[in-house]
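A.B. asks: Dropping a prediction and its sequence here:
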Amino acid sequence: MKEFDLSKINNVHFIGIGGIGISAVARMMLHDGKVVTGQDMQDGEVVNELRKVGANITIGQSYENIPEDTDLIIYTIAIDNFDPELAKKIKERTDIPVRSYPQMLDIISRDKYTIAVSGTHGKTTTTAMIAQILRDLKYDPTVIVGSLLVGEKSNFIAGKSKYFVVEACEYRRSFLNINPKVLVITNIDNDHLDYYKDIEDIKSAFHEMAMKVPGDGFVICNPDDAHVSDVVKGINAKVINWNDYFNKDLILKIPGVHNKKDAAAAVAATQLLGISKEDSEKCLKEFPGTWKRFEFRGALSQGALLYDDYAHHPTEIKATLEGFRELYKKEDGWKITVVFQPHLFSRTKLLLNDFAKSFTDADQVLLLPIYYAREEDDGTISSEILAKEINKNTNNAQSFNNFESVEKYLGIEFLSMNNKDIIITMGAGEASKVGDFLLK
């Protein structure tokens, strides 16, 4: 692997630049005064925000899109699945260094006091919460988070201190490239089963990550959780139980017990830096949330309220809807319509029974076709099958063949909606486009 001095790199090209993690590194390079070019399969808000700060981005992926004067190529690990031929071509280059997004996190975290936030659910919110506390209290951290921060439309914060707060994703064991002094594990659940064999395989990755934390470091988790207890056995770092910091009376701007748990983990992490629980919780009371997490998009002309949320795993869906019901109670006449796009054939198929039970707090569930992302349809799973399974439990779901038919249905429903209606577009794919349609 070709070594390089990042300070001597001028022109950086990103493949898959619209990815929520890799785009943060692109922002970092722009902040450092480098020329940033990139390519992605599709346009979107992340790409548009990068263009605003100076990135030159091509839509459509091709080896020919890489400028001749490129000094460094940074790529998303998803291209191994999406475009193996392009992946092979760039990895064969010997004239310039080529690094994956996770490998860049290794380089960035080496010389920093790194707080890495991992877990199947809640890691984006917890990362952003830690960032808010440290920024409010003038600790000046560098931050990479897997969403856009509300108000800033950025997933990267350039700090001048030694502190680096980073969201650490377990997909394809990519978080093992990070070098944390503090590791937060929010929880461990079945996910990314297109890569991992089972929950034991997932736990093995988290254990390997926990083993990376040095003896004078800390792992913040719930050691009483059945999946987590195995992960932290025999590690070198000190284990901190975030349950000791949980405050059921903490009032946040974003509802749900799951957000209070994330807050507990954030308070535990910042206390290690000498910040009191009282000061951290004071900062968190003003935490506005992040993009696509309980994001209020506006009131529609009939009075219905439109939200967007990233929840795409059964546990997340259930917790998110419970949070909505804290604010918008059924007994007070509130009706919730969820427009959900399942994300990945493998996840939908393997967690079908869990998905079927996760919409109990919704009045109706409108299912878009499955967002295939990095997979191919083998014909064994569909939104129609998911709707049938949901209806065995709550009888409140129907599937649609395309976006247009959902929009047409909502156009008719819209006439009977009022200021006691909530519409939530939900998922890790493109469900928010339905919200764009409604806002028009």
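C.D. replies: Cool, the structure landed.
A.B. asks: List the buried residues in the worst-scoring helix or strand of the chain on mean pLDDT.
C.D. replies: Using mean pLDDT, DSSP states H and E, helix 79-82 stands out as the lowest-scoring helix or strand of the chain, at a mean of 85. Across helix 79-82, burial judged by 16 or more other C-beta atoms under 10 Å covers I79, D80, F82. From N, CA and C alone the C-beta is placed, and that goes for glycine too.
A.B. asks: Go ahead and flag the most central residue of the protein.
C.D. replies: Central residue of the chain (C-alpha atoms, centre = their mean): G146, 4.6 Å from the mean position.
A.B. asks: and that one, which of the three is it?
C.D. replies: Three-state assignment for G146 (DSSP: H, G, I helix; E, B strand; the rest coil): strand.
A.B. asks: thinking it is in contact with A128, fair?
C.D. replies: No. In this structure, G146 is not within contact of A128 by C-beta atoms under 8 Å, at 9.1 Å.
A.B. asks: rewinding a little: tell me the pLDDT of the residue nearest to the centre of the chain.
C.D. replies: With respect to pLDDT, G146 scores 91.
A.B. asks: by contact count, what packs against the least confident helix or strand of the chain?
C.D. replies: Contact here means 3 or more C-beta pairs under 8 Å, 6 or more residues apart in numbering; DSSP states H and E; on that basis helix 79-82 packs against helix 84-91.
A.B. asks: With just CA atoms, put the helix it packs on into CSV.
C.D. replies: Only the C-alpha atoms of helix 84-91 are listed here, as CSV (Å, rounded to 0.1, in the frame of the first residue of the first chain):
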residue,chain,number,x,y,z
PRO,A,84,-16.5,-4.7,-8.6
GLU,A,85,-14.7,-3.8,-11.9
LEU,A,86,-14.2,-0.2,-10.9
ALA,A,87,-13.1,-1.3,-7.4
LYS,A,88,-10.5,-3.6,-9.0
LYS,A,89,-9.2,-0.9,-11.3
ILE,A,90,-8.7,1.7,-8.6
LYS,A,91,-7.1,-0.8,-6.2
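A.B. asks: in it, what counts as buried?
C.D. replies: Neighbour-count burial for helix 84-91 [16+ other C-beta under 10 Å]: L86, A87, I90.
A.B. asks: how far does that helix sit from the chain's center?
C.D. replies: 26 Å (C-alpha atoms, centre = their mean, to the nearest Å).
A.B. asks: What residues are bridge-paired with E167?
C.D. replies: Legend: beta-bridge partners of E167 under DSSP bridges are V117.
A.B. asks: Any figure for the gap between it and S416?
C.D. replies: 41 Å (C-beta to C-beta, to the nearest Å).
A.B. asks: neighbour-wise, which of the two wins?
C.D. replies: E167 (28 against 8; other C-beta atoms under 10 Å).
A.B. asks: State the distance from the more buried one to V145.
C.D. replies: E167 sits 5 Å away from V145, going by C-beta to C-beta.
A.B. asks: any residues in contact with both of these two?
C.D. replies: Each of T124, T127 lies in contact with both E167 and V145 under the rule C-beta atoms under 8 Å, 6 or more residues apart in numbering.
A.B. asks: Return the residues in contact with F164.
C.D. replies: F164 makes contact with I108, S109, K112, Y113, T114, I115, P141, T142, V143, I144 under the criterion C-beta under 8 Å, 6+ apart.
A.B. asks: Name the nearest of those relative to Y328.
C.D. replies: Here the nearest of those to Y328, counting by C-beta to C-beta, is V143; it sits at 31.5 Å.
A.B. asks: List the residues that contact the closest one.
C.D. replies: Contacts for V143 (C-beta under 8 Å, 6+ apart) come out as T127, A131, F156, I157, G159, F164, V165, V166.
A.B. asks: Next: Y195.
C.D. replies: Y171, R172.
A.B. asks: if we go to 10 Å?
C.D. replies: The contact partners of Y195, taken as C-beta atoms under 10 Å, 6 or more residues apart in numbering, are N81, E170, Y171, R172, R173, D201, I202, A205, S346, R374.
A.B. asks: Next: A387.
C.D. replies: Residues in contact with A387, defined by C-beta under 10 Å, 6+ apart, are A356, V365, L366, L367, N396, A397, Q398, S399, F400.
A.B. asks: Which per-residue confidence value corresponds to it?
C.D. replies: 98.
A.B. asks: any idea how far it is from F355?
C.D. replies: Distance, A387 to F355, using C-beta to C-beta: 10 Å.
A.B. asks: which residues are common contacts for the two?
C.D. replies: L367.
A.B. asks: ok, which stretches of the stretch 301-440 of the chain are helices?
C.D. replies: Applying DSSP state H, counting those that start in this stretch to the stretch 301-440 of the chain gives helices spanning 314-327, 345-350, 352-356, 383-393, 403-413, 432-439.
A.B. asks: closest to M29 out of those helices?
C.D. replies: For the helices of the stretch 301-440 of the chain, proximity to M29 was assessed by C-beta to C-beta; helix 432-439 is nearest, at 27.4 Å.
A.B. asks: And that closest one, what's buried?
C.D. replies: Using 16+ other C-beta under 10 Å as the test for burial, helix 432-439 gives S432, K433, V434, G435, L438.
A.B. asks: Ok, stretch 191-210 next?
C.D. replies: By neighbour count with 16+ other C-beta under 10 Å, stretch 191-210 contains the buried residues 191-196, 199, 202-203, 205-207, 209-210.
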